[in-house]
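S.K.: My questions concern the predicted model and sequence given below.
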Amino acid sequence: MCSAGIRSEPMNTEFEKRLESFPFTEIEHKWTEKDSILYALGLGFGYDPMDANQLPFVFEEARGFSAVPTMAVVLAAPGFWARNPQSGIEWQKVLHGEQGWSSFAPCPHPVMFVRAPVWCAYSTRGPEKVH
């Protein structure tokens, strides 16, 4: 299932078929308060102990404690799968454009979830457009 605006029609070339059938593995992950705090600290939250706006991201007992929203994308990312020779991608030439996450409700702590990436689309500049 792809986000609105992303093409999801059948892929036709051999390369597209290889991408469409790439064997992403499902991974179970338990997301805890500790994960959220470590991620926030890694981004620099909490560097100013006098900034009360940073506290809800680095202290689990703070009012409004929550994860930094971008953490969801990191948890759902399948790692650098393009390096796998089975992908057929020349990973040294990859430029990561975007990735996304759809959430329909706040995610409680702790929670167990299963990550199951899905290939939606790709674009290429083509050899005639490479500078």
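M.R.: Yes, it's here.
S.K.: got a list of contacts for the longest helix seen in the chain?
M.R.: Longest helix in the chain by number of residues, with DSSP state H as the criterion: helix 33-43. Here helix 33-43 makes contact (CB atoms under 8 Å, 6 or more residues apart in numbering) with 46, 54, 57-60, 65-68, 70-71, 74-75, 109-110. All C-beta atoms are positioned from the backbone trio N, CA, C, and that covers glycine.
S.K.: pLDDT-wise, which helix or strand of this protein ranks last?
M.R.: strand 111-115 (a mean of 71; mean pLDDT, DSSP states H and E).
S.K.: Pairing partners for it, with directions?
M.R.: strand 27-31 (antiparallel) (DSSP bridges).
S.K.: List the buried residues in the partner strand.
M.R.: Of the residues in strand 27-31, W31 count as buried by neighbour count, 16 or more other CB atoms under 10 Å.
S.K.: rewinding a little: list of residues touching the least confident helix or strand of the chain?
M.R.: With CB under 8 Å, 6+ apart as the criterion, strand 111-115 contacts E26, I27, E28, H29, K30, W31, L75, A76, P78.
S.K.: got a list of what the fourth one touches?
M.R.: This means H29. By CB under 8 Å, 6+ apart, the neighbours of H29 are L75, M112, F113, V114, R115.
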